[in-house]
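# okay, predicted coordinates and the sequence, questions at the end:
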Amino acid sequence: MGTFMAKAGDVERKWYVVDAADVTLGRLATEVARVLRGKNKPIFTPYVDTGDYVIVVNAEKIKVTGKKLDQKIYFSHSDYVGGAKYTTLREMLEKKPERVIEHAVRGMIPHGVLGDSQFKKLHVYAGPDHEHAAQKPEELKL
């Protein structure tokens, strides 16, 4: 008897919606990354994308602890000399709250082709509305 290994055609994908209001950023990101990778399923296979789609709403109401709002820094570079830009978490939540959750989740999935395909199944919205009602997403409890 051998170990079961899933194939790409064997995977049935579901849609989940998560409300990020008053949820700690890291705890939300770990659960979302788990579902995107498919680790919540018994057919999980490390080298196959067995994950589901995740919709995160109310990204602007995410919660962090301690002094992270002012001390956590996001770094980006334009590839030009002197093109380094530093942004605090507070500024990111005001300008682009979706990017905060995307950045946290991206760090928790594989970095490569498999991780790219898993990350594409994440949809983050700042407000309570999303455009995926036709997929009939189930609510994911955290």
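The structure has been received and is ready for your questions. Quick caveat: nothing in here was measured; it's all calculated off a predicted structure.

# which parts of the protein are helices?
25-37, 68-71, 89-95, 97-106, 113-119 (DSSP state H).

# for the last one, list the C-alpha coordinates in CSV.
When you say that, I think you mean helix 113-119. Output of helix 113-119 as CSV, limited to C-alpha atoms (Å, rounded to 0.1, in the frame of the first residue of the first chain):
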residue,chain,number,x,y,z
VAL,A,113,5.8,28.9,-9.3
LEU,A,114,3.7,26.8,-6.9
GLY,A,115,3.4,29.7,-4.5
ASP,A,116,2.5,32.1,-7.3
SER,A,117,-0.5,29.9,-8.4
GLN,A,118,-1.6,29.6,-4.7
PHE,A,119,-1.3,33.3,-4.2
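
# and that helix, how far from the chain's centre?
12 Å (CA atoms, centre = their mean, to the nearest Å).

# for the fourth one, same thing?
If you compare the mean C-alpha spot of helix 97-106 with that of the full chain, they lie 6 Å apart, counting by CA atoms, centre = their mean.

# quick one: closest of the helices of the chain to G82.
Nearest of those to G82, taken as CB to CB: helix 89-95 at 19.8 Å. Glycine gets a C-beta too; all of them are placed from N, C-alpha and C.
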